[in-house]
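Participant: Requesting a structural model of the entry that follows:
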Amino acid sequence: MPVARPQGGEEALRFGSPRIGVGWVGIGIAGFVFVVVAASQLLAGGPESPAIIAAIGGAALLLALLCCITRVVEIDPARREIIVTRRLLGLAWRRRFPFAAFERAAVEWHFHVPRNARRDGTLEGDQRFMGYWLALRGRSRLVLDWTKDPEAAEDAARRLGRILGIRAERCFYVRVPGRDGVMLSESRPRLRTTLPRRAR
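Facilitator: Numbering: from 1, shown residues only. Below is the predicted model:
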């Protein structure tokens, strides 16, 4: 989630990281696939092997380059703009959005059960399959972050709403008390509600 830092007496936020991070996983997969395919083709020794190796190598290189791209989103209150910076091997390109381009800071509920996992049929058990997108919405949708922590996402949305002067909202879920009093998320398709000032 974002880290707040002072800038010109106002609160600024930054999302994302300039480091490759989990992208190394994709790079490793691309390298492994290339090595396996190249080795099998060399052992096969067919006349089409060099072309196949070149094609797989090009695809693996493209995947590795895509995994090297980093993305950082900065909220700049002083200039009243949002800067999205992408970097690849020392190159950087930026896109800027004015605050006026967005109307809502949204926490969007997401539910996904992996193939090797099973639900236990309880709301408490379902919490581990839930995630939350933090996004700005207006004429377009700008994704800022993803987290498993709804309170952190909602706190960030409130801060964004305060800085940009827009509404902060929950999308597709509500917060309800569980059996032990702990607040849980529950699906509400198509429901959008304004976030309360304090988490419930």
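
Participant: Identify the residues contacting the longest helix that the chain contains?
Facilitator: Ranked by residue count under DSSP state H, the longest helix found in the chain is helix 23-44. In this structure, residues lying in contact with helix 23-44 by C-beta atoms under 8 Å, 6 or more residues apart in numbering are 20, 49, 52-53, 56-57, 60-61, 63-64, 66-70. C-beta: built from backbone N, CA, C; applies to glycine.

Participant: Same check on stretch 135-155?
Facilitator: For stretch 135-155, using C-beta under 8 Å, 6+ apart, the contacting residues are 1-2, 15-16, 73, 82, 84, 97, 101-108, 130-134, 156, 160, 164, 168, 170, 173, 175, 183, 185, 195, 199.

Participant: Confidence-wise, which of the contacts of helix 23-44 comes last?
Facilitator: Lowest pLDDT of the contacts of helix 23-44: Ser49, 67.

Participant: What's the first helix or strand after the longest helix of the chain?
Facilitator: helix 49-68 (DSSP states H and E).

Participant: what's the neighbour count on the closest residue to Gly138 other than its chain neighbours?
Facilitator: Closest residue to Gly138 apart from its sequence neighbours, by C-beta to C-beta, 6 or more residues apart in numbering: Phe102 at 3.9 Å. Phe102 has 22 neighbours, counted by other C-beta atoms under 10 Å.

Participant: separation between Phe102 and Ile75?
Facilitator: With distances taken as C-beta to C-beta, to the nearest Å, Phe102 is found 10 Å from Ile75.

Participant: so where do the helices sit in the protein?
Facilitator: 23-44, 49-68, 123-126, 150-164.

Participant: Arg115: which of the ones you listed is closest?
Facilitator: helix 123-126 (16.4 Å; C-beta to C-beta).

Participant: Mind exporting the C-alpha coordinates of the closest one to PDB?
Facilitator: Below are the C-alpha coordinates for helix 123-126, written out as PDB (Å, rounded to 0.1, in the frame of the first residue of the first chain):
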ATOM      1  CA  LEU A 123     -17.900 -16.100   5.300                       C
ATOM      2  CA  GLU A 124     -14.900 -16.300   7.600                       C
ATOM      3  CA  GLY A 125     -13.300 -18.900   5.400                       C
ATOM      4  CA  ASP A 126     -14.000 -17.000   2.200                       C
END
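
Participant: Relative to Leu191, which of the helices of the chain is closest?
Facilitator: When the helices of the chain are compared by C-beta to C-beta, helix 150-164 sits nearest Leu191, at 14.8 Å.

Participant: now that closest one: how far from the chain's centre is it?
Facilitator: Using C-alpha atoms, centre = their mean, to the nearest Å, the mean C-alpha position of helix 150-164 is found 15 Å from that of the whole chain.

Participant: Next: stretch 127-137.
Facilitator: 9 Å.

Participant: in it, what's buried?
Facilitator: Met130, Gly131, Tyr132, Trp133, Leu134, Ala135, Leu136, Arg137 (16 or more other C-beta atoms under 10 Å).
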